[in-house]
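Q: Here is my input; please provide its structure:
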Amino acid sequence: MQDDIPPKHKANKALGQHFLRDQRAINKIAMAVPNGASAIEIGPGPGAITHALLQRVSTLTVIEKDDRFATLWTEYAGENPQLSVVHGDVLKVLEETVSQSQPEWITGNLPYNISGPLTAQLTSHDLSGGMVLMYQREVGNRIMAGPGSKTYGGLSVLARHHYHVKRLLLLPPGAFVPPPKVHSVVLLFTPHGETPPCSFDSLQKTVRKGFAHRRKTILNNFKGSLNADDFTAIDIDPRNRAEQLDYAAWTRITKAYNP
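A: Numbers count the residues shown, from 1 in each chain. The predicted model follows:
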């Protein structure tokens, strides 16, 4: 399918575009979104996943920054009432788009160059359905990592605020046009249904401070805000480093730190 992309719609390297061409992967991503659901797709590009989603969902809102594809999908939406188009930078328009469309699901082949800050935004939303998101393998591994891992970090903690995360697919470079230099992973975010003990915004500020200097102890990272007794009171060894603390520990720090 992607072999037939016209030259004017070729991938734009500046936007980090790599278009999925593997039909098995396309089908599996689309099938992860239930029939009749409402969804947002980030960066539809030429539409390999988009067309598969339109066969399943009740409504689909696509967010596209690239002028070429925004025009293409706006024309297509004129004849397809289930489709709507938001032309803009997803980092700037995501909040308003989610607020307006109230999706049950969000999916997308995320641009590699903004996947970190975009994931921080995405995981702040407590969706009733979930998310199916594609990442560079290194970033996906960071999101899935558990405490004690060298790749465990802020995104690992934030993802657990509303979701369980598991790997749905591992994709080689040849699954894309043009092939990236790395493998990719598709992650499935499923709501855990528990009421978070703190706000996402407060957790994000706490995690950002706590992981600012990974080699320092958690006590040193919060010097001037929390002391050793404060950490002991919430059952955390102040000599621990940020990567040793699980999600529950981070929520306790958040409530004590109260950013």
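Q: going forward, measure contacts between C-alpha atoms and count neighbours the same way
A: Will do.
Q: Would you map the strands across the stretch 1-150 of the chain?
A: 19-20, 38-42, 59-64, 83-87, 105-109, 130-136 (DSSP state E, counting those that start in this stretch).
Q: what about the last one, distance to the chain center?
A: Looking back up the chat, that one is strand 130-136. 6 Å (Cα atoms, centre = their mean, to the nearest Å).
Q: can you redo the strands of the stretch 1-150 of the chain as CSV with distance to residue 198, mean neighbour count and mean pLDDT?
A: What follows is the strands of the stretch 1-150 of the chain, written out as CSV (distance: least, Cα to Cα, whole Å; neighbours: other Cα atoms under 10 Å; pLDDT from 0 to 100):
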stretch, distance to residue 198, mean neighbour count, mean pLDDT
strand 19-20, 37, 24, 83
strand 38-42, 26, 25, 98
strand 59-64, 30, 24, 98
strand 83-87, 31, 20, 97
strand 105-109, 23, 24, 95
strand 130-136, 20, 24, 96
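Q: Save these as a markdown table, and put in distance to residue 201 too.
A: Shown next, in a markdown table, are the strands of the stretch 1-150 of the chain (distance: least, Cα to Cα, whole Å):
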| stretch | distance to residue 201 |
| --- | --- |
| strand 19-20 | 33 |
| strand 38-42 | 22 |
| strand 59-64 | 24 |
| strand 83-87 | 25 |
| strand 105-109 | 20 |
| strand 130-136 | 20 |
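Q: Let me see the residues that make contact with stretch 231-239.
A: Stretch 231-239 is contacted by residues 217-219, 228, 249, 252-253 when judged by Cα atoms under 8 Å, 6 or more residues apart in numbering.
Q: can we see that at 10 Å?
A: For stretch 231-239, contacts defined as Cα atoms under 10 Å, 6 or more residues apart in numbering pick out 216-220, 222, 226-230, 245, 249-250, 252-253, 255-257.
Q: CA atoms only for that stretch, dumped as PDB, please.
A: Provided in PDB are the C-alpha atoms of stretch 231-239 (Å, rounded to 0.1, in the frame of the first residue of the first chain):
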ATOM      1  CA  PHE A 231      11.300  10.500  53.500                       C
ATOM      2  CA  THR A 232      11.500   8.100  56.500                       C
ATOM      3  CA  ALA A 233       8.000   9.200  57.400                       C
ATOM      4  CA  ILE A 234       6.600   8.100  54.100                       C
ATOM      5  CA  ASP A 235       8.600   4.800  54.200                       C
ATOM      6  CA  ILE A 236      11.300   5.700  51.700                       C
ATOM      7  CA  ASP A 237      15.000   5.300  52.300                       C
ATOM      8  CA  PRO A 238      16.500   8.800  51.600                       C
ATOM      9  CA  ARG A 239      19.600   7.100  50.300                       C
END
